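In: just need the structure, nothing else, for what follows:
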Amino acid sequence: MRRIAVLCVLATGLAACGSAPQTKSDNPVSAPSAAPAVATSPAPSGAAPANAVDPTAVQALRDMGKYLQTLNRFEVEVDLSGERVLADGQKLLHTATARVDVQRPNKLRAQMRSARSARDLLYDGKTVVLYMPEQKYYSQVPFTDNLADLVTRLRERFGVEVPMADLFLWGTPQAPLEGMSSAMSAGQDMVGNTLCDHFAFRQGDIDWQIWIATGPRPLPQRLVITNRNDEARPQSVSSIRWNLNPRLADSRFTFTPPKGAMPAKFVPLQGR
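Out: Numbers count the residues shown, from 1 in each chain. Presented below is the predicted three-dimensional model:
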């Protein structure tokens with residue numbers, strides 16, 4: 001039975017397994033379509049310093065998470081773009097798309113597509129399946145827990161990232177709220193036709209921004225991540241579209257091996 005090195009099957013697939021010119025970093029930040037730069041006004045006198053953690057910004061994340069946890073069924077489509085930095089500092093932009101169908105508490109289907117790879121991840125509440133349609137290999141492992149635990153398990157045990165994984169963590173004890181050295185409100189912007197509150201955060205070597213829809217449905221509309229560990233500051237952008245009333249049959253989350261598909265093994269990370 002063939003063994004798949006799961007570290008080479010990262011869910012977003014932006015540049016993980018394809019050939020490319022020699023790069024300064026082979027681990028670009030994965031995310032979607034670039035957001036335009038927005039001019040900001042100088043902070044008024046007496047405002048909190050730039051490195052302060054504004055509790056209002058953190059509370060906005062908690063409110064978003066609380067709302068996300070009320071969604072029992074939804075569909076998310078994401079346009080992804082991420083920068084790869086060459087050895088001479090030149091940047092290359094790679095793109096991908098993802099579609100994630102969710103039925104809580106324990107059903108998920110994620111489809112990831114790019115010019116370099118195609119990956120499907122399915123969970124029906126009993127079994128997790130990772131399928132590579134181009135190669136016709138699939139791996140499966142038993143699992144019966146909720147989606148937040150699934151995300152954590154796949155990441156820690158196998159090195160597999162679920163697209164937009166934080167959607168399942170916000171509003172739970174696993175929400176990534178620790179280690180913030182900066183949290184701020186950046187005003188309001190339009191994302192498409194949606195008015196959003198714009199927030200910026202710093203955690204370790206990562207700067208990230210999020211645009212959350214105003215009003216009673218605080219859905220994230222755009223996410224931008226910047227890697228400060230690289231002097232070139234590679235950036236990724238995720239543009240997110242929501243369908244809160246999808247028609248999702250149970251068969252949507254069940255994997256039936258196509259004709260000619262071959263089983264393979266999930267390969268755990270060393271020491272896991």
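In: ok, and for the lengthiest helix in the chain, which residues are buried?
Out: Using DSSP state H, we find that the single longest helix of the chain is helix 55-68. The neighbour-count check on helix 55-68 (16 or more other C-beta atoms under 10 Å) flags 57, 60-61, 64-65, 67-68 as buried. Every residue, glycine included, has its C-beta placed from N, CA and C.
In: what's the mean pLDDT across it?
Out: Across helix 55-68, the average pLDDT comes to 96.
In: what sits up against that helix?
Out: If you take C-beta atoms under 8 Å, 6 or more residues apart in numbering as the criterion, helix 55-68 is touched by 167, 169-172, 175, 177, 180, 183-185, 197, 199-201, 210, 212, 217-220.
In: could you redo the last one with a cut-off of 7 Å?
Out: Helix 55-68 has contacts (C-beta atoms under 7 Å, 6 or more residues apart in numbering) with 167, 170-171, 175, 177, 183-185, 197, 199, 212, 217-218, 220.
In: closest to Ser236 out of the residues you listed?
Out: Pro220 (14.4 Å; C-beta to C-beta).
In: ok, so what distance separates that closest one from Val237?
Out: 13 Å (C-beta to C-beta, to the nearest Å).
In: now Val162, what's its secondary structure?
Out: Using DSSP: H, G, I helix; E, B strand; the rest coil as the criterion, the local structure at Val162 reads coil.
In: and for it, the neighbour number?
Out: 24 (other C-beta atoms under 10 Å).
In: for it, grab phi and psi.
Out: With angles defined as degrees, to the nearest 10, Val162 sits at phi -80, psi 130.
In: give the contact list for it.
Out: So Val162 contacts 11, 110, 121, 151, 154 (C-beta under 7 Å, 6+ apart).
In: what do you get for Val78?
Out: 32, 97-98, 163-164, 238-240.
In: in JSON lines, list the contacts of Val162 along with secondary structure.
Out: Formatted as JSON lines, those follow (three-state DSSP):
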{"residue": "Ala11", "secondary structure": "coil"}
{"residue": "Ala110", "secondary structure": "strand"}
{"residue": "Leu121", "secondary structure": "strand"}
{"residue": "Val151", "secondary structure": "helix"}
{"residue": "Leu154", "secondary structure": "helix"}
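In: quick check, Thr152 in a helix?
Out: Yes. Checked against three-state DSSP, Thr152 lies within a helix.
In: leaving out the residues flanking it, which one is nearest to it?
Out: Counting by C-beta to C-beta, 6 or more residues apart in numbering, Thr152 lies nearest to Gln174, which is 6.2 Å off, once chain neighbours are set aside.
In: could you pull out the strands for the stretch 1-150 of the chain?
Out: Using DSSP state E, counting those that start in this stretch, the strands of the stretch 1-150 of the chain run over 2-4, 73-85, 91-103, 107-113, 118-123, 127-132, 137-142.
In: dump the ones you listed to TSV, plus mean pLDDT and distance to Ala52.
Out: Formatted as TSV, the strands of the stretch 1-150 of the chain follow (pLDDT from 0 to 100; distance: least, C-beta to C-beta, whole Å):
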stretch	mean pLDDT	distance to Ala52
strand 2-4	37	45
strand 73-85	96	29
strand 91-103	96	31
strand 107-113	96	36
strand 118-123	96	39
strand 127-132	95	41
strand 137-142	94	44
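In: got those strands as a markdown table, with distance to Arg228 columns?
Out: Rendered in a markdown table, the data for the strands of the stretch 1-150 of the chain read as follows (distance: least, C-beta to C-beta, whole Å):
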| stretch | distance to Arg228 |
| --- | --- |
| strand 2-4 | 32 |
| strand 73-85 | 13 |
| strand 91-103 | 15 |
| strand 107-113 | 26 |
| strand 118-123 | 28 |
| strand 127-132 | 31 |
| strand 137-142 | 34 |
